[in-house]
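In: Below is the structure, and that's it, no one-letter string:
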C-alpha cells in the first residue's frame, strides 16, 4: 500500500524502516559519505510503499525548495528492483506534486545513471552533469504530459 505522510504522521517504526533503507542504499551500497537526514525531512511529504509483510520496499521524499518542488532520496530495496516499483513511486510522487503544488514547477536533481528512466516518466534534462554529495547528477524538469 502506498503512503504519503509528513514526518510527524509517520510511526517511529516506519521511519526506522525508511531510514534503514536510505542508509543501506545511499551510504552502504553506493559508498557515499554524507548526512542522510537533513532539514528537508522536516518539511517533506514522505512517499513510501509497504507490502503485506509491513516491509518498506520503496521510498522518496517530496518538498518545496527555492520556489519550485523537488523530490529525492528515491530508493527501492535491492530485492524489489526491476519489478516496476520505481515507476509506481514516480507516479505517486507526481500525484502528490499535482495535488499539493499545482502552480509550481517540479525540478529534480537526478543521479545521472537514471536519466533515461526519468525521461520515460515525463522529465527533460536541463543543463549539464554536476557532482552532488560525491555522485554525478543532472537537473531534470517535469513536463506536463
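Out: Here it is on my side, so go on. From a predicted model like this one, the values you see are computed outputs, not experimental measurements.
In: can you give me the helices for the protein?
Out: 12-22, 40-43, 85-100, 115-119 (DSSP state H).
In: To residue 55, which of those helices lies closest?
Out: Proximity to residue 55 (C-beta to C-beta) singles out helix 12-22 among the helices of the chain, at 7.2 Å. Every residue, glycine included, has its C-beta placed from N, CA and C.
In: tell me what the closest one is packed against?
Out: Packed against helix 12-22 by the contact rule (3 or more C-beta pairs under 8 Å, 6 or more residues apart in numbering; DSSP states H and E) you find strand 45-50, strand 56-65, strand 68-76.
In: What residues sit buried inside it?
Out: By neighbour count with 16 or more other C-beta atoms under 10 Å, helix 12-22 contains the buried residues 14-15, 17-19, 21-22.
In: Would you reformat the helices of the chain as JSON lines and include mean pLDDT and distance to residue 136?
Out: Shown next, in JSON lines, are these (pLDDT from 0 to 100; distance: least, C-beta to C-beta, whole Å):
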{"stretch": "helix 12-22", "mean pLDDT": "94", "distance to residue 136": "19"}
{"stretch": "helix 40-43", "mean pLDDT": "92", "distance to residue 136": "21"}
{"stretch": "helix 85-100", "mean pLDDT": "97", "distance to residue 136": "19"}
{"stretch": "helix 115-119", "mean pLDDT": "96", "distance to residue 136": "10"}
